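Asks: Quick check, what structure comes out for this input:
(one chain, ligands or ions: 1)
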Amino acid sequence: MATAAAARHVVAVPYPGRGHVNPMLVVCRLLAAADAALSVTVVVTEEWHALLAAAGVPGTLPDRVRLATIPNVIPSERVRGADFAGFVEAVHIKMVAPVERLLDRLSLERKPDAIVADTFLAWGVGVGSARGIPVCSLWTQPATFFLALWHLDRWPPVDGHQGEEGLSCRSLDQYLPFPALAPVKCSDMKTLRSMVLPMKRLAQVFSNLRKAQCVLFTSFYELETGAIDGTSQVVPCPIYAVGPSIPYMPLEGDSGEFHHEEDYFGWLDAQPRSSVLYVSFGTHVSMPSSQLEEVALGLHESTVRFFWVARDRASTATLEQISAGGKGLVVPWCDQLKVLCHPSVGGFLSHCGWNSTLEAVFAGVPMLAFPVAWDQLVIGHLVADEWKIGVDLRERRREDGVVGRAAICDTVTKLMDLTDDDSLEMRRRAAELREASRRAVQEVSGGQNCCS
Ligand SMILES: O=c1ccn([C@@H]2O[C@H](COP(=O)(O)OP(=O)(O)O[C@H]3O[C@H](CO)[C@@H](O)[C@H](O)[C@H]3O)[C@@H](O)[C@H]2O)c(=O)[nH]1
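Replies: Residues are numbered from 1 along each chain as shown. Coordinates of the predicted model:
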């Protein structure tokens, strides 16, 4: 006699930022799709609920994935980039109590079977252990960066002195001969260490993580083979690479075809194949406006067409000026993955957020890497030196640290030249990784994707 499968309930708690909420929602969809008896409650702040509702997200989630809210106890999404350290502190201190109250309320009905908590919520594992609920930690950045941070205690000083293990930074431009640290330059270590408070919290994150039941990575084996192998050797619980957790799944009721409902698709449709450079610097940390200005003027000097997502009001005037004449389009927001997959897009000038990078890889589009902070510093090296699907613009910095308009114009022109040998080689590599990315998606999702 067949017995009905017992219902299972998972509570998911993303870190409150676009680059974390988006992949958490993808992972929740995958969990629900993999287990018909599973329901998921995703905990977000009221502000995040409103942001997701405004984008129509709740209506696109499967019935068994629903949102629940906690009050707005942290600084608003609109201003969080202005004080990164303050935001990290607020998340660390103020979010835990309302999440615990919600969890206890949900438990009155039935104790959740598991919690999926963003790794950056240092309290996530403790909240679960205190209630006897297993916790799976979700890491939404490269496994490569995770592994380097896991070995934080082995990072040598950056002043040239030897660390405990004989490692030392003789020049800021140097990589270290310790495999797990190899993708982090000494200059990156210096920048990261200057973020004293977030780094202190990070040490706590990695200490608590040792008690998690498993760690999920939004990556795939062919992309980060060494780091995934290396991580599985040091982390004392199972780790799973769940594939690029980007929004490749069609919305419910969507045929999976492109929907050209937005005006900008009309503009893209009118451009020659692979001729448009997509420009976006993410949703969180900004580069200085003087640097943005150089990027805009460098693009203006080139003949390259561009599609720029500008959430930064300060840059709007210059951008309007340089886009006059139809060579470029500036929008406040777009459906990024669909834009990257559009046939007229042939390059991506990016801050190298992990989601944007995974989306570029999925679309097979080469990158101009312009990292601003945090894991982006390491992702820039992966893009240019390891995967060889792009150019690291930091290599073109002047003595004052700025990449000037002439260098921007030069680099953009070369990358977008479809007859240039280096550009062609990067496109070949990008096409290979695109196929690997799609295989990873097939494996975890049974083949649903938006851009086939
Ligand atoms: O017009 C836009 C602009 C962005 N996006 C999406 O927003 C997400 C942005 O994510 P990401 O590229 O990771 O950038 P950030 O929002 O800046 O991400 C933060 O979180 C990431 C994951 O932890 C880190 O890798 C980054 O360093 C950190 O800045 C992506 O899915 C984009 O597709 C859009 O849909 N439309």
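
Asks: C-alpha coordinates for stretch 155-171, PDB please?
Replies: These are the backbone C-alpha positions of stretch 155-171, laid out as PDB (Å, rounded to 0.1, in the frame of the first residue of the first chain):
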ATOM      1  CA  TRP A 155      47.300  35.100   5.600                       C
ATOM      2  CA  PRO A 156      50.800  36.700   6.100                       C
ATOM      3  CA  PRO A 157      51.300  40.400   7.000                       C
ATOM      4  CA  VAL A 158      51.400  42.600   4.000                       C
ATOM      5  CA  ASP A 159      54.400  44.600   5.200                       C
ATOM      6  CA  GLY A 160      56.900  42.100   3.900                       C
ATOM      7  CA  HIS A 161      57.400  40.300   7.200                       C
ATOM      8  CA  GLN A 162      57.000  36.600   7.400                       C
ATOM      9  CA  GLY A 163      53.800  35.000   8.700                       C
ATOM     10  CA  GLU A 164      53.800  32.000  10.900                       C
ATOM     11  CA  GLU A 165      54.200  29.600   8.000                       C
ATOM     12  CA  GLY A 166      57.000  31.400   6.300                       C
ATOM     13  CA  LEU A 167      54.700  33.100   3.800                       C
ATOM     14  CA  SER A 168      55.400  36.800   3.200                       C
ATOM     15  CA  CYS A 169      54.300  39.600   0.800                       C
ATOM     16  CA  ARG A 170      57.400  41.000  -0.800                       C
ATOM     17  CA  SER A 171      55.300  43.100  -3.200                       C
END
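
Asks: which outside residues touch that stretch?
Replies: 154, 172, 176-178, 181, 184, 186-187, 189-190, 193 (C-beta atoms under 8 Å, 6 or more residues apart in numbering). The C-beta positions use only the backbone N, C-alpha and C, and glycine is treated the same way.

Asks: For the stretch 201-350 of the chain, which segments count as strands?
Replies: 214-217, 239-241, 276-280, 305-309, 328-331, 345-350 (DSSP state E, counting those that start in this stretch).

Asks: which of the ones you listed sits most buried?
Replies: strand 345-350 (a mean of 26; mean count of other C-beta atoms under 10 Å).

Asks: what about it and the ligand, touching?
Replies: No. Strand 345-350 lies out of reach of the ligand by C-beta under 6 Å from any ligand atom, never closer than 7.4 Å.

Asks: Show the average pLDDT along the following helix or strand past that strand.
Replies: As assigned by DSSP states H and E, the chain's next helix or strand after strand 345-350 is helix 354-363. Averaged over helix 354-363, pLDDT sits at 98.

Asks: which residues make contact with helix 354-363 from outside it?
Replies: With C-beta under 8 Å, 6+ apart as the criterion, helix 354-363 contacts 19, 22-23, 140-142, 218-219, 223, 244-246, 248, 280, 282, 336-337, 340-341, 345, 348, 350, 366-367, 375, 379, 382-383, 387, 389, 430, 433-434, 437-438, 441, 451.

Asks: what does stretch 31-43 give?
Replies: Contacts for stretch 31-43 (C-beta under 8 Å, 6+ apart): 5-14, 24-25, 28, 62, 64-70, 99, 102, 106, 112, 116, 445-446.

Asks: Weed out the non-buried ones from the residues you listed.
Replies: Listed as buried from the contacts of stretch 31-43 are 9-14, 24-25, 28, 64-65, 67, 69-70, 99, 102, 106, 112, 116, 445; burial here means 16 or more other C-beta atoms under 10 Å.

Asks: Now, these that are in helices?
Replies: 24-25, 28, 99, 102, 106, 445 (DSSP state H).

Asks: I'd like these written out as CSV, with pLDDT added.
Replies: Formatted as CSV, those follow (pLDDT from 0 to 100):
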residue, pLDDT
24, 98
25, 97
28, 97
99, 98
102, 97
106, 95
445, 80
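
Asks: of these, closest to residue 236?
Replies: Among these, residue 24 lies closest to residue 236 (C-beta to C-beta), at 23.5 Å.

Asks: Quick check: that closest one vs residue 57, distance?
Replies: 12 Å (C-beta to C-beta, to the nearest Å).

Asks: mean confidence score for the host helix or strand of residue 58?
Replies: Element membership for residue 58 (DSSP H and E) is helix 57-60. Averaged across helix 57-60, pLDDT comes to 92.

Asks: repeat for stretch 385-403
Replies: Rounded mean pLDDT across stretch 385-403 is 96.

Asks: show me which of the contacts of stretch 31-43 neighbour the ligand.
Replies: Counting by C-beta under 6 Å from any ligand atom, no member of the contacts of stretch 31-43 is near the ligand.

Asks: In strands, which of those appear?
Replies: 8-13, 65-70, 116 (DSSP state E).

Asks: So residue 437 sits against residue 218, correct?
Replies: No. Taking C-beta atoms under 8 Å as the definition, residue 437 is not a contact partner of residue 218, at 11.9 Å.
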